[in-house]
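# Here is my input, please return the structure:
(chains A and B)
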Amino acid sequence: MKVRKWAPMFIMMAPGLIYLFINNYIPMAGLVIAFKKMDFRKGIWGSDWVGFDNFKYLFTTPDAFVITRNTILYNLAFIIVNIVVGIIFAIFISEMVNKHMKQLYQSAVLLPFLMSMVIVSYIVYAILSPETGLMNKTVLPMAGKDPVSWYSETKYWPYILIIVNTWKGVGYGCLIYLASIIGIDRSLYEAADIDGAGKWVQIRTITLPMLLPSVITLTLLNVGRIFFSDFSLFYQVPQNSGILYSVTNTIDTYVYRALLQLGDTGMASAAGFYQSVIGFLLIIGCNWLVRKLDRDSALF
Amino acid sequence: MVLSTMLTLTALTGCGGNKEASGNNTGAKDTAHKVVMAISGEQQPGQERVMAEVNKILKKDLNMELELMILPWGSTDQQIQLMLTGTEPLDLFRLGSGEAAGYISSGKIEDLGPLIDKYGKNIKEALGEEIAKSANINGFVYGVPTNIERDSTPSIEMRKDLVEKYDIDITQIKSLEDLEPIFNKVKAGEPNMTMLFGAGGVNQPATRYGGFDSLGGFGGVLANDGLESTKVEIRPATEQYKASLDIFHDWYKKGYINKDAPTSQDEPSVVMKAGNTFSTIVGWHPAYQNKEGNYDVVFAPLREHVLHSGSSGYVTLGIARNSKDPDKAMQLLDYIYGSPEVMNLLNWGMEGTDYVYIDKENNTIGYPEGVNDSNAEYHLNLGWQLPNQFIASVWEGSQPADVWDRMKEFNDKAPKSKAFGFMFDPKGYEAEITAISNVNEQYSRSLESGSVDPDEYLPKYVEALKKAGIEKVIAAQQKQLDEFLATKQP
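Below is the predicted model of the structure:
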């Protein structure tokens, strides 16, 4: 009986499941490369096992702490800032009365999200370039301040990276929150109006609680990627400036620079494997936590 | 999924097409063996016609055929990697000392040593015994060097018009210090101009100025080009390094070097074109062009030309593990090393259609009537990637007619580093080398562009290298080098 009831669902799901299996599950067999000394003469299965040798370089380096710290803290900051700014933007846009302006802002906020990070890096360069940049040429002289050599001062970069990431990424989250806000039952606001609640009270007591499920879903998805960093953001935007490494080096950029010379498949796979395992554990952990607090909002 | 099916389909049809083609060409007689060679360059519309001509010669003399694959510059590395990981037919391809260690340890290429001994008659004649098998790591010969310059002379390249305008006697330039008064003079007249341009990872002033035998670039170096001592040292800990950095830092502070040097990605030719750059340091050799951007340039050497440990291994042709018959691939390669006809065809196309002799005696050639750069059907002009450009004709106007004689002299006369012919085998030190590459990436560009104070940053650099385990790598390099030197002694 149950089978008959769900059969159409499974048929509908089949293409997606098959795709997922071929595209995401079969390649997982390749994870064994992380534990092997790859020799193309012997093939993937014939290569020698080396245990955890390929992982060593990630932990024996003196930079291990810095790259792990940078990766996690930046990602945490990105998650928080993107939620806060995304929700603010979404609320502003949803409250807009002029329909055309509403569409304009919506598109304008999303536009940077569609841009390649390489282009973004040159926009940032146009602003921060030591000789011809907007900051050093126009803004700082107008404020009567000395020019700053942006690409060799570490103290500014945590802010610059967070601002750039927010500018580029906020549109995506904003769109999702906006969709949720539009989905909220209008009668709730009407009832609140009649009870004499102002805009601020409405936002606090209706909009924000109704947004919570989307916030949790987006956050959980991002937490799973917390050990992966946006390579281009940390490599292209600071123009690969060596002096800035202490604040811009993340696991991905470290692995890239480390294997420039050796090009070792096993070591590269080991880094990916490590990031995925940690991400997996984090997502399981967070989901468990969410389920304890609010069963309905959990992902699974 | 659709994409992958399409790719498989095209791959299948591609293979089918190739088989048919080779079947048709060879006719009913014995089948000619096909060798696939990959280089980088721009697609040539006349390739099919030229290759037919090449294959006529190869079939007659060797009963073989050559398929030339010209891969786009930007994606060559990825495409070669893919071909090496898969089972696509690939015999000969260009590789350098940088990738060699990785290719060897992952079993992607063949050891050419025995093959050169067996078939390399022309190769040994063209390159000399010593160079022929010099591109090796621990005896594993990864490639046959193409015939090009071996290392170069660190030189200052200056705009000719400004040199004349400010009446500079370039014969008086002997060292870095001699440049200071020149920059001073030109800067006074052209205050908005960059005196010395630096950029990227290889075009930084101190990087180009060189002066070290870097032993493959994995950690330690030999100071003073390896001419005197064979003691492997940490580069930033040497006096020599500091001395040159002090000068460049001073110039950076005086505004001679462009402010964005440590982060700029621009090519010198592009910046020169913009018209506000006076000079840059380059690696000069006799085939070096006398034009940068739109400007005529002149050169003055800043150091001696020395052959370093890996100087013959930068551009080589290797044989892929995929090769169905490495013996045949080597035979064909050796044939091209000794064949001016095939070299001319590969590099310049067909006589009459793609080029004509301008001066038969001096062996110089040029475009026929009505053909030029924009409508030429075949004008590869990539002699440095092909086996032996020294036996091919010289393009009139781009090089002096005797350029290859000069090049031979340039290569033969240069003193050799004591580690010449040595290549470090990094096996077993991967963890240290990955950490060292990160430290180098972090410090070298800032320091070698002159943008930071060596007094402050050099000690930090050395400290970071030591933490990354450079002493362990240097000990291994020293051990391998000492063993190499012992075998070299009679």
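# From here on, just use CA atoms for contacts and neighbour counts.
Noted.
# chain center to stretch B:216-235: distance?
Mean-position distance between stretch B:216-235 and its chain equals 21 Å (C-alpha atoms, centre = their mean, to the nearest Å).
# tell me the pLDDT at the closest residue to residue A:215 other than its chain neighbours?
Distances taken as C-alpha to C-alpha, 6 or more residues apart in numbering or on different chains place residue A:83 nearest to residue A:215, at 7.2 Å, with adjacent residues excluded. In this model, residue A:83 is scored at 94, pLDDT.
# Just give me the neighbour total for residue A:83.
Residue A:83 has 21 neighbours, counted by other C-alpha atoms under 10 Å in any protein chain shown.
# Quick check: which element contains it?
Taking DSSP states H and E as the definition, one finds residue A:83 inside helix A:64-95.
# for that helix, packing partners?
Packing contacts for helix A:64-95, counted by 3 or more C-alpha pairs under 8 Å, 6 or more residues apart in numbering or on different chains; DSSP states H and E, involve helix A:99-110, helix A:157-183, helix A:208-223, helix A:245-248, helix A:251-259.
# would a markdown table of those with mean neighbour count, mean pLDDT and distance to residue A:201 be doable?
Output for the helices and strands packed on helix A:64-95, formatted as a markdown table (neighbours: other C-alpha atoms under 10 Å in any protein chain shown; pLDDT from 0 to 100; distance: least, C-alpha to C-alpha, whole Å):
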| stretch | mean neighbour count | mean pLDDT | distance to residue A:201 |
| --- | --- | --- | --- |
| helix A:99-110 | 14 | 91 | 23 |
| helix A:157-183 | 19 | 93 | 15 |
| helix A:208-223 | 17 | 89 | 10 |
| helix A:245-248 | 22 | 92 | 40 |
| helix A:251-259 | 22 | 88 | 43 |
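# Need those in a markdown table (columns: distance to residue B:46).
Listed next are the helices and strands packed on helix A:64-95 as a markdown table, based on distance: least, C-alpha to C-alpha, whole Å:
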| stretch | distance to residue B:46 |
| --- | --- |
| helix A:99-110 | 47 |
| helix A:157-183 | 46 |
| helix A:208-223 | 52 |
| helix A:245-248 | 48 |
| helix A:251-259 | 39 |
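# do you know which of those helices lies nearest residue A:42?
Residue A:42 lies closest, by C-alpha to C-alpha, to one member of the helices and strands packed on helix A:64-95: helix A:251-259, at 22.1 Å.
# Give me the angle between that closest one and helix A:64-95.
Angle of helix A:251-259 versus helix A:64-95, following axes from the mean of the first three to the mean of the last three C-alpha atoms, to 10 degrees, is 140 degrees.
# Any part of helix A:251-259 near chain B?
Yes - using C-alpha under 8 Å from any C-alpha of the partner chain, we find that helix A:251-259 touches chain B at A:254, A:257, A:258, A:259.
# returning to what we had before: for the residue nearest to residue A:215, give its distance to chain B.
Separation of residue A:83 from chain B (C-alpha to the nearest C-alpha, to the nearest Å): 33 Å.
# okay, now whichever residue of the stretch 101-250 of chain B sits closest to chain A: neighbour count?
Going by C-alpha to the nearest C-alpha, chain A is nearest to residue B:106 of the stretch 101-250 of chain B, at 4.2 Å. By other C-alpha under 10 Å, 22 other residues sit near residue B:106.
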